[in-house]
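Asker: after the sequence you'll find the predicted model.
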Amino acid sequence: SFSEGGDKVNAVWEANLNPERSRNLVKDVFFFESAIDAMSFYQINKNKYDFNNSTFISTGGAISQMQIQNVLKAYPEAKKRACFDNDMTGRFYDATLAAAVRGDRLQAHVKGFKVRCTFNGTEFKKDFQEKPTLKELDAILGVKLSDKISVHKAPPGVKDFNEVVKNAQAKSVIKKGRGV
């Protein structure tokens, strides 16, 4: 979330992991809903990936077209990686990001599994039975979004990367407690 007076429409939280802090060297831009999810994702994956040419972006719990456009302008050549929550809203944030990378505009209003979307000016409503993948949204929207970004999700049954870390810490505490 943003501090009081923060610019939720244009601004993002950014952690540039490039040792030189050079935008020109960033090859991967990872998008998250919150900074804590970005830090958790890093903690989980720091031994699996080389993040030296990466930057982490948090949209502060919501996503706006201006936030996306500002990041795309700053990192036009970098790969875009969506790491939004593993819920319906997060799935549509993936699609919103992919649409923007493609040059399209998607706005979604999600309530439970009911979604009202506007895609390039055309509105539609849909009741989903389960969370759609980006490839499934390709078919619904009639465009190919899934080839524009990479999507990274927390494991099934877990909302976000912070929950993964909290669950791992809780298991560690329980294991340590058993030996006492």
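Answerer: Perfect, thanks for sending it.

Asker: quick one: low-confidence ranges for this protein?
Answerer: 1-6, 172-180 (pLDDT under 70).

Asker: what about the strands in the protein?
Answerer: Taking DSSP state E as the test, the strands found in the chain are 13-16, 28-32, 54-58, 79-82, 106-111, 114-119, 122-127, 150-151.

Asker: helices of the protein, residue ranges please.
Answerer: Listed in chain order, the helices of the chain (DSSP state H) span 35-45, 65-74, 88-102, 134-141, 161-178.

Asker: nearest to Lys111, of those?
Answerer: When these are compared by CB to CB, helix 88-102 sits nearest Lys111, at 8.6 Å. Just so you know, the C-beta spots here come from the backbone N, C-alpha and C atoms, and that holds for glycine as well.

Asker: tell me the spacing between the nearest residue to Pro156 once chain neighbours are set aside and Arg23.
Answerer: Nearest residue to Pro156 in three dimensions, chain neighbours excluded: Asn86, at 7.5 Å (CB to CB, 6 or more residues apart in numbering). According to CB to CB, to the nearest Å, Asn86 and Arg23 sit 29 Å apart.

Asker: try Lys48
Answerer: From Lys48 over to Arg23 the distance is 24 Å, taken as CB to CB.

Asker: near the closest residue to Gln107 other than its chain neighbours, how many other residues are there?
Answerer: Take Gln107 and drop its neighbours on the chain: the residue closest to it by CB to CB, 6+ apart is Thr118, 4.7 Å away. Close neighbours of Thr118, defined as other CB atoms under 10 Å, add up to 13.

Asker: tell me who's in contact with Thr118.
Answerer: Listed by CB atoms under 8 Å, 6 or more residues apart in numbering, the contact set of Thr118 reads Arg105, Leu106, Gln107, Ala108.

Asker: which strand residues bridge it?
Answerer: Residues in a beta bridge with Thr118, per DSSP bridges, are Gln107, Glu123.

Asker: return the most buried member of the strands of the chain.
Answerer: Of the strands of the chain, the one with the most neighbours on average (mean count of other CB atoms under 10 Å) is strand 28-32, at a mean of 25.

Asker: helices and strands around it, which ones?
Answerer: Here strand 28-32 touches helix 35-45, strand 54-58, strand 79-82, going by 3 or more CB pairs under 8 Å, 6 or more residues apart in numbering; DSSP states H and E.

Asker: out of the ones you listed, which is closest to Arg91?
Answerer: In terms of CB to CB, the element of the helices and strands packed on strand 28-32 nearest to Arg91 is strand 79-82, at 9.5 Å.

Asker: and stretch 74-81, how far apart are its ends?
Answerer: End-to-end distance of stretch 74-81 (CA to CA, to the nearest Å): 15 Å.
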